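K.L.:
sequence unknown, structure follows:
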């Protein structure tokens with residue numbers, strides 16, 4: 001069918017363009033962060049500005065460092081991050097299930113009529129609209145969870 005073929009061609013073109021632009025974007029990001037190779041990542045392992053900790057004297061380096069117990073970080077990880085991620089995954093599964101049910105309903109109702117061919121694509125279009133919205137929401141949640149984790153270094 002022409003609809004499936006055009007949809008497949010659209011997906012191939014879109015994914016190719018997306019990967020090309022992402023490659024360019026990641027290059028800009030690595031330049032902004034001052035990272036050009038794998039070895040340069042080690043240079044960026046400095047204390048994050050959002051890191052909260054207690055000052056302690058390090059006997060080896062003879063410097064005062066910020067310290068945050070790993071058990072507190074693990075408590076945040078296991079009792080905040082894991083449940084929030086589980087709820088997000090459950091919500092995505094629920095949305096996907098509902099859209100598949102909607103697609104099945106549309107297929108049952110509109111399969112007989114020839115004039116409703118475009119209506120069969122409504123659930124697919126709805127899914128294509130919902131995915132970027134959920135992506136934006138999860139991006140914000142991930143940033144919030146990262147700040148709650150209180151990691152000392154940027155790349156852990």
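P.N.:
Structure received. In this text the structure is predicted, and so the values were computed from the model without any measurement. Residues are numbered from 1 along each chain as shown.
K.L.:
where does the spatially closest residue to residue 148 that is not a sequence neighbour fall, secondary structure wise?
P.N.:
Nearest non-adjacent residue to residue 148, counting by CB to CB, 6 or more residues apart in numbering: residue 76, 5.6 Å away. Just so you know, the C-beta spots here come from the backbone N, C-alpha and C atoms, and that holds for glycine as well. Element membership for residue 76, per DSSP states H and E: helix 70-76.
K.L.:
in stretch 94-105, which residues are buried?
P.N.:
99, 103 (16 or more other CB atoms under 10 Å).
K.L.:
so what touches that stretch?
P.N.:
With CB atoms under 8 Å, 6 or more residues apart in numbering as the test, stretch 94-105 has contacts from 122-124, 126-127, 130, 134.
K.L.:
out of those, which is most surrounded?
P.N.:
Greatest neighbour count in the contacts of stretch 94-105, by other CB atoms under 10 Å, goes to residue 123: 19 neighbours.
K.L.:
my read: it touches residue 110, true?
P.N.:
No: counting by CB atoms under 8 Å, residue 123 does not reach residue 110; the two are 11.0 Å apart.
K.L.:
any idea of the mean pLDDT for whichever helix or strand residue 56 is part of?
P.N.:
Following DSSP H and E, one finds residue 56 within strand 54-58. What strand 54-58 shows for mean pLDDT is 79.
K.L.:
that strand pairs with which strands, parallel or anti?
P.N.:
Within its sheet, strand 54-58 is paired with strand 63-67 (antiparallel), according to DSSP bridges.
K.L.:
buried stuff in the partner strand?
P.N.:
Neighbour counts over strand 63-67 (16+ other CB under 10 Å) mark no residue as buried.
K.L.:
gap between the helix or strand hosting residue 91 and the chain center?
P.N.:
Per DSSP H and E: residue 91 is located in helix 82-110. On the basis of CA atoms, centre = their mean, to the nearest Å, helix 82-110 is displaced by 18 Å from the centre of the chain it belongs to.
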